[in-house]
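Novice: Fold the following.
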Amino acid sequence: MTLRRLPDPGVPVSDPTRGEAAHPRRYLVHLAGCLLFSGGAACFIDADLGTDPLDVFALGVLEHAPLTIGVVQALVAVVCLAVWASWNRRRPPLSPFVTFFLCGSLIDLLLAVGAAGHLPVPPGVLMLVGVALCTHGSALIIMSGVGIRAMDLVAISMTHRWRWPFWAAKGSLELVLLACGHVLGGPVGAGTVCFLVCVDTLIQPCIRLHTRLFSLPDHGLDRPAPAPARGSRPARAKG
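Specialist: Sure, this is the predicted structure:
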């Protein structure tokens, strides 16, 4: 007779970093998410009403160190992955860097061809378009369970372990970056506040929307197993 091990209540049922072979559809969902997020980022940049909190931090660091925005963002990703690995006692995944470089390349391409500039709308509307695209893109990347960005991995761990809503977990991380970036001299604008409040708040509802309307499974932010009641014993396997 063997004992069946109950799931750890602090670990999600579906761990997106588990190295299991992902279905090709999940890669398509991930690619669609990267395209949408990159399009939204390009709209934010063209609107010129403020950058996202990560860029505020990166630009603030650039005021004091001879680095580039990409290098600073990569360092933030490394720190987030180190925190995630230490917290979950597992090796950090490398797939977030694939998303990092893919989105960065797509944003550069969209800016080079002036894609967002072809939209005949005022900056405020362009910023709102960016909010919608970044929200849906972030949701799809998380739902794919492939290449989830480093900060989102930490936020997901906070959601599972502390029972926080995703917007509170992600928002608290970006609020720290925003505060540090502002102190270092990074620019803060209306777009910065809009990104922090709207995008972070709407990602989780957007995941539910995609699940209900398009029957897309959530491989990234699904719920952890319920904690066993106190005093209960592990179930025994029959035979």
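
Novice: ok now do Phe44, which residues does it touch?
Specialist: Phe44 makes contacts with 50-52, 127, 130, 134, 191, 195, as judged by CB atoms under 8 Å, 6 or more residues apart in numbering. For the C-beta atoms, the positions are set from N, CA and C on the backbone; glycine is no exception.

Novice: 7 Å instead, please
Specialist: Contact analysis of Phe44 by CB atoms under 7 Å, 6 or more residues apart in numbering lists 51-52, 127, 130, 191, 195.

Novice: Specify the next element, helix or strand, located C-terminal of the helix or strand where Ser157 lies.
Specialist: Per DSSP states H and E: Ser157 is located in helix 150-162. Using DSSP H and E, the helix or strand that follows helix 150-162 towards the C-terminus is helix 166-184.

Novice: Can you tell me which helices and strands that following helix packs against?
Specialist: helix 53-62, helix 150-162, helix 200-214 (3 or more CB pairs under 7 Å, 6 or more residues apart in numbering; DSSP states H and E).

Novice: List of residues touching the helix holding Ser157?
Specialist: By CB under 7 Å, 6+ apart, the surrounding residues in contact with helix 150-162 are 10-12, 77, 80-81, 83-84, 87-88, 96, 142, 164, 166, 169-170, 173, 220-221, 224.

Novice: So which of those are in helices?
Specialist: Among the contacts of helix 150-162, the members found in helices (DSSP state H) are 77, 80-81, 83-84, 87-88, 96, 142, 166, 169-170, 173.

Novice: Tell me which of the helices and strands packed on helix 166-184 lies nearest to His23.
Specialist: Closest to His23 of the helices and strands packed on helix 166-184 is helix 200-214 (CB to CB; 15.2 Å).

Novice: Which residues does that closest one contact?
Specialist: Under CB under 7 Å, 6+ apart, the answer for helix 200-214 is 135-136, 138-140, 142-143, 165-167, 170-171, 174, 216, 218, 221.

Novice: Among these, show me the least confident.
Specialist: Taken together, the contacts of helix 200-214 show their lowest pLDDT at Leu221, with 85.

Novice: Looking at the contacts of helix 200-214, which one is closest to Cys34?
Specialist: Nearest member of these to Cys34, counting by CB to CB, is Leu140, at 8.3 Å.

Novice: OK, contacts around that closest one?
Specialist: 29, 32-33, 36, 210.

Novice: in which helix or strand would I find it?
Specialist: Following DSSP H and E, one finds Leu140 within helix 123-144.

Novice: Show me which residues of that helix are buried.
Specialist: Within helix 123-144, the residues that count as buried by 16 or more other CB atoms under 10 Å are 126-144.
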